[in-house]
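Q: Task: produce atomic coordinates for the following.
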Amino acid sequence: MKAFLVNLLILFSITLCGFNAFQWYREAKLHGKMESLGQELFKKSSDIQNLQQTLQQNQEEIRRLDGFAENFRGMIRSNRLEITRLEGDADKLRIDYRMATNRLAQADQYREAFDKANENLKKQNEIIQTQNTKMVEIVAERNDWVGRYNKLATDYKSLGDDYTKVLGLYTNLVAQVQAANSKQK
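A: Numbering: from 1, shown residues only. Purely as a prediction, here's the structure:
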């Protein structure tokens, strides 16, 4: 009977050693998974910070471009007022020209003034056309930045959703590990 108890004790010892080896293997595997999840979490956090910095830079660039656009709108308004003023000047010159038909000596001077006013109007129109072209380019550039910003916001949202999923998995894994640890105790 003593040999049987010794053999039974040896069998229990070997079984306990095997169980300990299995536990160590399982714990090592779980620690490896936890470390890889921690690295992924760190990478996602750094990606989020980079996206936030890019988002802030894009918002500042949009504000800057909006300032340019507003500046050009103000210039267009002032140019329109100038055109209106110049058109009024041109009307006055036309009236003066009709009244001066009997004054042939002064008619040439009025004609030159009228031609100058028309040249100024043409120059102003060319400037306005140039400004309108620039405005269209700036608006197109702004729309491009807004498109990029929208894409960035979509990417940021999907990254946040991915982060939430990973955090849920991590929380579940931690709960499972704690449950397993509490069962072992």
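Q: now the helix or strand containing Arg94: how far from the chain's centre is it?
A: Assessed by DSSP states H and E, Arg94 sits inside helix 2-99. Computed by CA atoms, centre = their mean, to the nearest Å, the chain-centroid distance of helix 2-99 equals 9 Å.
Q: Past that helix, which element shows up next along the chain?
A: helix 104-184.
Q: That next one to helix 2-99, inter-axis angle?
A: Here the directions of helix 104-184 and helix 2-99 differ by 170 degrees (axes from the mean of the first three to the mean of the last three CA atoms, to 10 degrees).
Q: What does the pLDDT read for Ala107?
A: Looking at Ala107, its pLDDT reads 57.
Q: counting contacts, what elements does the helix holding Arg94 pack onto?
A: Applying 3 or more CB pairs under 8 Å, 6 or more residues apart in numbering; DSSP states H and E, one finds that helix 2-99 contacts helix 104-184. C-beta: built from backbone N, CA, C; applies to glycine.
Q: How far away from the center of its chain is the helix it packs on?
A: 9 Å.
Q: and it, what other elements does it pack with?
A: Short answer (3+ CB pairs under 8 Å, 6+ apart): helix 104-184 packs on helix 2-99.
Q: Quick check: mean pLDDT of the helix it packs on?
A: 90.
Q: Do you know the pLDDT at the residue most central in space within the chain?
A: Nearest to the centroid of the C-alpha atoms of the chain, with distances taken as CA atoms, centre = their mean, sits Tyr149, at 3.1 Å. Note on Tyr149: pLDDT of 89.
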